[in-house]
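Undergrad: sharing a model prediction with you, sequence too.
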Amino acid sequence: MTRVESAATTLNAFDAAAAGYDAAFTQTRLGIWLRDMVRQRVRALYSPGQQVLELGCGTGEDAVWLAQNGLHVVATDASPVMLEIARAKVASAGVAGNVELELLNLNDTRTWSPGRTFDGVLSNFGPLNCLYERVPLAQALARWLRPGGWVALVVMGPLCPWEIAWHLLHGQARVALRRFRGGATARVGGVSLPIWYPSSRRMRAEFAPFFFHVQTVGIGVWLPPT
C-alpha cells in the first residue's frame, strides 16, 4: 500500500466511523476517564484567550471543551463527516464564535495554511498514529506555533499490557506483539487501515529539531484498550 492509498483508506475509515464514534468511545466510561486524564494535563498548559490548533478533532468534543474554557480553537480533521458532526456539536454548545472548523489532512500539511500563528497545539487520541512519518508535521507545527508555545500530543504507544496479556493468553502471540512491528492493521468503521505505534523515544527524536521536550506521561496505561 502506497502512502497515498494509506491516506485515502484512513479518510474512508473515519468517514465511516463518524456517526457511531461518540457512542462507541466518547460516551463510554473508559472514554470519559481517558479524556478527563488528558484534560487534567492540558489545563496546566493553556491560558484563557489563547489561540489553539487542534489536530484530528473528530466529532468536536475537545474543541467544545477548549472553547468553553475561554480559548479560540481552530479544529481540524481529515474527515468531512467528522467535521459536520463537530459543527453541529459546536453550534449546539453555543461556542460557534470561538471555534473554526477546517479540513486538514495530516499526511499533507503543505496544502494547508492557517494564516496565523498559535499559542498551543492539541492532538488527542491518536491522529498521529495514522501517519507513516511525523517529521513533516513537526516541521509544519514549528512554523505555525508562536515562540514559547506548547504542544500536547496524545499518541498510542507500543506498550499496551492489557492487549498483550489478552492475546498471549489466547495463544495469539503475533497479534499480542503487533504494536512493536513497523506498522499494524486496525479496523475502524468496518475498514482496515494501517496504524503505527511510535515509542516515546522515537517521538522525542522526531520532534527534537523543532521542539523542546518537557514531559512524557502515561495516560491510562493500565486501563484496557478501547
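TA: Perfect, I can see it now.
Undergrad: and the longest strand seen in the chain, what does it pack onto?
TA: Counting residues, the longest strand found in the chain (DSSP state E) is strand 145-153. The helices and strands touching strand 145-153, judged by 3 or more C-beta pairs under 8 Å, 6 or more residues apart in numbering; DSSP states H and E, are helix 29-42, strand 118-123. Any C-beta I mention is one placed from the backbone N, CA and C, and that applies to glycine too.
Undergrad: quick one: mean pLDDT for it?
TA: Taken as a whole, strand 145-153 has a mean pLDDT of 97.
Undergrad: tell me which residues in that strand are buried?
TA: 145, 149-153 (16 or more other C-beta atoms under 10 Å).
Undergrad: check stretch 182-196 too.
TA: So for stretch 182-196, counting by 16+ other C-beta under 10 Å, buried means 184, 188-189, 191, 193-196.
Undergrad: and the residue lying closest to P136 once chain neighbours are set aside, what does it touch?
TA: What sits nearest to P136 in space, not counting adjacent residues and going by C-beta to C-beta, 6 or more residues apart in numbering, is T109, at 6.1 Å. By C-beta atoms under 8 Å, 6 or more residues apart in numbering, T109 lies in contact with 136-137, 140.
Undergrad: now, which of those sits nearest R174?
TA: L137 (29.9 Å; C-beta to C-beta).
Undergrad: low-scoring stretches of this structure, by residue?
TA: 1-9 (pLDDT under 70).
Undergrad: can you give me the helices for it?
TA: If DSSP state H is used as the criterion, the helices of the chain fall at 3-21, 29-42, 61-68, 80-93, 135-144, 161-169, 173-176, 200-207.
Undergrad: and the ones you listed: which comes nearest V121?
TA: Comparing the helices of the chain under C-beta to C-beta, the one sitting nearest is helix 135-144, at 5.8 Å.
Undergrad: how deep is the spatially closest residue to P161 that is not a sequence neighbour tucked in, by neighbour count?
TA: Using C-beta to C-beta, 6+ apart and skipping the chain neighbours, the partner closest in space to P161 is W222 (6.7 Å). Look at W222: counted by other C-beta atoms under 10 Å, it has 8 neighbours.
Undergrad: correct me, but E163 touches T226?
TA: No. In this structure E163 lies outside contact range of T226 using C-beta atoms under 8 Å: 10.5 Å.
Undergrad: okay, these two: which has more neighbours?
TA: Between E163 and T226, counting by other C-beta under 10 Å, E163 is the more crowded of the two (16 against 13).
Undergrad: ok, now which ones touch the residue lying closest to the more buried one once chain neighbours are set aside?
TA: Closest residue to E163 apart from its sequence neighbours, by C-beta to C-beta, 6+ apart: P225 at 5.1 Å. If a contact means C-beta under 8 Å, 6+ apart, then P225 has 160, 162-163 as its contacts.
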